[in-house]
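> got a structure for you, letters missing:
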């Protein structure tokens, strides 16, 4: 039986939403430690972000002393991830990059872009400026 998706529908163990709609509520983050305990989107182990970035958008400052592993997948656009000594350009839908603990990073949207980010574990304390 198909279910009509209405953002924000929830019960004790299921949340039905839309990434584009819900992302604007929490700087793009859909799942992680920052969601209320009891919300099915609360997680201490993983974070998921639906990032919508206008052309020229860039991270306010580099993440240093990274404690998480991250996967960033390009949904649309052209997006550059900056790593120490290396830039990775994501330009085809599905292009992705993974980096681990201890790898500093930043990013810039070379075109209007949508990216899906998965980070683990979910660690408080990384919010910087308007980026994430």
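Yep, that arrived. Everything numeric in this text was worked out from a predicted model, so none of it was measured. Numbering: from 1, shown residues only.
> in this protein, which spans are strands?
In the chain, the strands defined using DSSP state E lie at 9-10, 15-16, 29-31, 47-53, 69-76, 79-83, 86-90, 96-99, 106-109, 113-120.
> Go through these and name the closest to residue 59.
Proximity to residue 59 (CB to CB) singles out strand 106-109 among the strands of the chain, at 4.6 Å. The way it works is simple: take the backbone N, C-alpha and C, and place the C-beta from them, glycine included.
> Quick one: distance of that closest one to the chain centre.
Taking CA atoms, centre = their mean, to the nearest Å, one finds the center of strand 106-109 at 12 Å from the center of the full chain.
> Contact partners for the spatially most central residue of the chain?
In the chain, the residue lying closest to the centroid (CA atoms, centre = their mean) is residue 49, at 2.6 Å. For residue 49, the contacting residues are 23, 27-30, 115-119, 132, by CB atoms under 8 Å, 6 or more residues apart in numbering.
> if we can go back for a sec, quick check: which of the strands of the chain is nearest to residue 41?
Nearest to residue 41, of all these, is strand 29-31, at 4.6 Å by CB to CB.
> quick one: average confidence on that closest one?
For strand 29-31, the mean pLDDT works out to 93.
> With stretch 110-117 instead?
Stretch 110-117 comes out at a mean pLDDT of 98.
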